[in-house]
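# No sequence on hand, only this structure:
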């Protein structure tokens with residue numbers, strides 16, 4: 001919000017700070033991106049779109065963790081949501097999930113949950129937590 005306070009002239013409310021070109025944006029972060037004060041994730045999106053063609057889930061999870069660690073990633077949750085099906089799509093997950101008896105479901109959500117768990121493990125190995133990024 002500090003960026004907005006020093007950039008938006010004449011603001012008299014929080015809504016004024018979140019209004020860019022006449023549109024009230026949902027968050028201060030979105031307003032900063034719209035004003036060009038912060039980068040958006042276009043480069044990361046293009047990178048993941050290219051990588052998803054050739055890489056498997058394991059490689060995409062590594063790429064995702066690398067992006068989170070060394071970014072900058074403006075909206076990690078949006079990046080995860082957009083590419084989670086690719087990030088969790090690999091040959092290891094069905095085999096691993098079939099061996100697990102403590103999971104409530106073998107459906108798509110189980111794959112996504114386990115994929116997110118694997119991302120969290122990779123982050124933990126690097127001394128970070130998913131809570132810091134999501």
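Alright, I've got the coordinates. Given the structure is predicted, the values throughout are model-derived calculations rather than measurements. Numbers count the residues shown, from 1 in each chain.

# make it CA atoms for all contacts and neighbour counts henceforth
OK.

# what number of residues lie near residue 89?
For residue 89, the count of nearby residues is 21 (other Cα atoms under 10 Å).

# tell me the contacts of it?
56-57 (Cα atoms under 8 Å, 6 or more residues apart in numbering).

# Break the chain down into its domains, please.
Split into domains by automatic domain parsing, the chain comes to 2-34, 42-133.

# ok, of those domains, where does mean pLDDT dip lowest?
Among the domains of the chain, domain 42-133 carries the lowest mean pLDDT, a mean of 84.

# could you pull out the helices for this structure?
With DSSP state H, the ranges of helices along the chain come out as 2-7, 14-17, 28-34, 42-54, 57-70, 76-87, 92-99, 108-125, 130-133.

# and the fourth one, what does it pack onto?
The one in question is helix 42-54. On a contact count with 3 or more Cα pairs under 8 Å, 6 or more residues apart in numbering; DSSP states H and E, helix 42-54 meets helix 57-70, helix 76-87.

# what do you get for the fifth one?
Applying 3+ Cα pairs under 8 Å, 6+ apart, one finds that helix 57-70 contacts helix 42-54, helix 76-87, helix 108-125.

# how far is it from where the chain is centred?
Centre-to-centre, helix 57-70 and its host chain are 10 Å apart (Cα atoms, centre = their mean, to the nearest Å).
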